[in-house]
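In: next one to model:
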Amino acid sequence: MRTASTSLRQRALRELVSQAHHPRGIVGRVVGWIFAHRHSNRRRNIWAVSLLDVRPTDRVLEIGFGPGIAIAELAARATRGHVFGVDHSLAMVRQATRRNAAAVRARRVRLTHASVERLPSFGEPLDAVLAVNSAGFWPDPVERLRELRRLLRPVGRIALVSQPRCPGATRDTTTRAAQELQDMLTQAGFVHLRVETLDLDPPAACVLADNPTGTPS
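Out: Residues are numbered from 1 along each chain as shown. Model (predicted):
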């Protein structure tokens, strides 16, 4: 019985981890509700948006927006601009659309069910890009960052946030995650990298960078 019970717990844990990466179905809706109401998640998203220095006329993209907390913050700042979001979870697109219904109706926010490797067209160049606890799961993340750099206007900004959720994660885990993000951004051609830290348990790190003024390669 102990072996069967352990196996059941392991399967349940794997399912929860899978749902955290790609919420779907009834369980996915519950996971999204937890993401939206967990105090640390809200603090992390609001903090990340504040670091991007979004201006009223900015065109901003969030990749992996989950239940739409950061989307709402971005829309509150880009009052005369436009906020785009892509997420590979249809359950999260639906939750985020409900949370941002007024801005979606006003066509200031456009949320799309899509993956980072198959981004839709955003028309004109973007001013800023945000990804929270997302970049570590992208296929070929350096190439994805190069593609995002091509979508940004010269001196456009990007913010990648990581708050490690692996068992036993510590401040050192966050430091290593931040270094990995810095390395990827450097390889993708971004400049002026800097790191900010939010004192959560474990801490969250936000790596900010700029698109150089030259044409992306």
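In: every contact and neighbour count from this point should use C-alpha atoms.
Out: OK.
In: for Thr97, what are its contacts?
Out: Gly68, Val104, Leu111 (Cα atoms under 8 Å, 6 or more residues apart in numbering).
In: please identify the buried residues of the helix or strand where the last one lies?
Out: Pointing back at Leu111 there. Per DSSP states H and E, Leu111 falls inside strand 109-113. Across strand 109-113, burial judged by 16 or more other Cα atoms under 10 Å covers Val109, Arg110, Leu111, Thr112, His113.
In: residue boundaries of the strands in the chain?
Out: In the chain, the strands defined using DSSP state E lie at 59-63, 82-87, 109-113, 126-132, 152-162, 191-198, 204-210.
In: can you dump the C-alpha atoms of the longest one in PDB for me?
Out: Yep, that's strand 152-162 we're talking about. Below are the C-alpha coordinates for strand 152-162, written out as PDB (Å, rounded to 0.1, in the frame of the first residue of the first chain):
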ATOM      1  CA  LEU A 152      11.000  45.700 -30.600                       C
ATOM      2  CA  ARG A 153      11.800  49.200 -31.800                       C
ATOM      3  CA  PRO A 154      15.400  50.500 -31.300                       C
ATOM      4  CA  VAL A 155      16.000  51.000 -27.500                       C
ATOM      5  CA  GLY A 156      12.800  49.100 -26.800                       C
ATOM      6  CA  ARG A 157      12.800  47.300 -23.400                       C
ATOM      7  CA  ILE A 158      12.500  43.700 -22.300                       C
ATOM      8  CA  ALA A 159      12.000  42.300 -18.800                       C
ATOM      9  CA  LEU A 160      12.400  38.600 -17.900                       C
ATOM     10  CA  VAL A 161      11.300  37.500 -14.400                       C
ATOM     11  CA  SER A 162      12.200  34.300 -12.600                       C
END
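In: and it, what does it pack onto?
Out: strand 126-132, helix 171-187, strand 204-210 (3 or more Cα pairs under 8 Å, 6 or more residues apart in numbering; DSSP states H and E).
In: equivalent analysis for the first one, please.
Out: Contacting strand 59-63 under the criterion 3+ Cα pairs under 8 Å, 6+ apart are the following elements: strand 82-87, strand 126-132.
In: 10 Å instead, please
Out: The contact analysis (3 or more Cα pairs under 10 Å, 6 or more residues apart in numbering; DSSP states H and E) places strand 59-63 against helix 69-77, strand 82-87, strand 109-113, strand 126-132, strand 152-162.
In: note down every partner strand of the last one and its orientation.
Out: Yep, that's strand 152-162 we're talking about. strand 126-132 (parallel), strand 204-210 (antiparallel) (DSSP bridges).
In: contact partners for the residue lying closest to Leu126 once chain neighbours are set aside?
Out: Distances taken as Cα to Cα, 6 or more residues apart in numbering put Leu152 closest to Leu126, at 4.6 Å, once the chain neighbours are dropped. Shown in contact with Leu152 (Cα atoms under 10 Å, 6 or more residues apart in numbering): 59-61, 124-129, 158, 210-212, 216.
In: can you check Ala76 too?
Out: Taking Cα under 10 Å, 6+ apart, we find Ala76 in contact with Val54, Arg55, Pro56, Ala70, Val83, Ala103.
In: which ChimeraX command selects the buried ones in those residues?
Out: The ChimeraX selection below is limited to those of these classed as buried (16+ other Cα under 10 Å):
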select :54,55,70,83,103
